[in-house]
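Chemist: Below is the sequence, then the predicted model.
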Amino acid sequence: MSILELAALLAAAVLGLDALLHVYWMTGRTWPARDVTTLSQGLLNADVPFTPRVLAPLVAVLTAGAIAVPARAGLILSGVPGWIPAAGTVAVAAGVALRAGAGVVWALGVGARRDSAFYKLNLALYTPLCLVLTAATLRVAVA
């Protein structure tokens with residue numbers, strides 16, 4: 001398996017799992033947090049409702065990204081015009097790069113309290129994952 005294919009599969013797996021987590025939260029469950037407020041603060045550093053109206057569009061975008069990236073790598077959907085997965089992959093790369101950049105700013109302590117769960121999760125998980133996803137999706141996008 002090539003580096004391009006591995007990058008595409010990594011991105012698709014992460015985006016797909018993220019979409020599934022959001023579907024799970026649409027059911028009203030809040031794992032791994034004890035309630036919606038704790039979940040929202042830990043994920044977003046803000047109070048946002050975890051309702052289908054808020055989460056369904058995100059699930060759609062994550063799912064589209066999880067399909068676009070491996071399609072761009074030629075792993076699936078070979079009959080689709082090439083510009084569609086190419087544009088989708090560029091959009092994913094831009095989105096995760098933007099999130100990674102914001103994560104770096106938050107890691108520097110701007111806009112996030114250093115004693116918050118969000119700050120710790122951002123530093124340990126969210127930003128590193130977004131940096132890896134940025135590299136993977138850029139690799140696929142330029143192929």
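Modeler: Right, received. Where do you want to start?

Chemist: now Gly79: how far from Ala112?
Modeler: Gly79 sits 45 Å away from Ala112, going by CB to CB, to the nearest Å. (Each C-beta comes from the backbone N, C-alpha and C, glycine too.)

Chemist: The two: which has the busier surroundings?
Modeler: Ala112 (19 against 4; other CB atoms under 10 Å).

Chemist: Nearest residue to that one in space, please, no chain neighbours.
Modeler: Trp106 (4.2 Å; CB to CB, 6 or more residues apart in numbering).

Chemist: Also Leu131?
Modeler: Computed as CB to CB, 6+ apart, the closest residue to Leu131 that is not its neighbour in sequence is Ala100, at 4.9 Å.

Chemist: ok, back up a step: what about the residue nearest to Ala112, how many neighbours?
Modeler: 21.

Chemist: who's in contact with it?
Modeler: When contacts are counted by CB atoms under 8 Å, 6 or more residues apart in numbering, Trp106 touches 45, 112, 118-119, 122, 127.

Chemist: Now do the buried residues in the host helix or strand of Gly101.
Modeler: Assigned by DSSP states H and E, Gly101 falls within helix 83-107. Neighbour-count burial for helix 83-107 flags 85-86, 88-93, 95-97, 99-100, 102-103, 106-107 (criterion: 16 or more other CB atoms under 10 Å).

Chemist: My understanding was that Leu39 contacts Asp47; is that so?
Modeler: No. Look at Leu39 against Asp47 with CB atoms under 8 Å: they stay out of range, at 10.2 Å.
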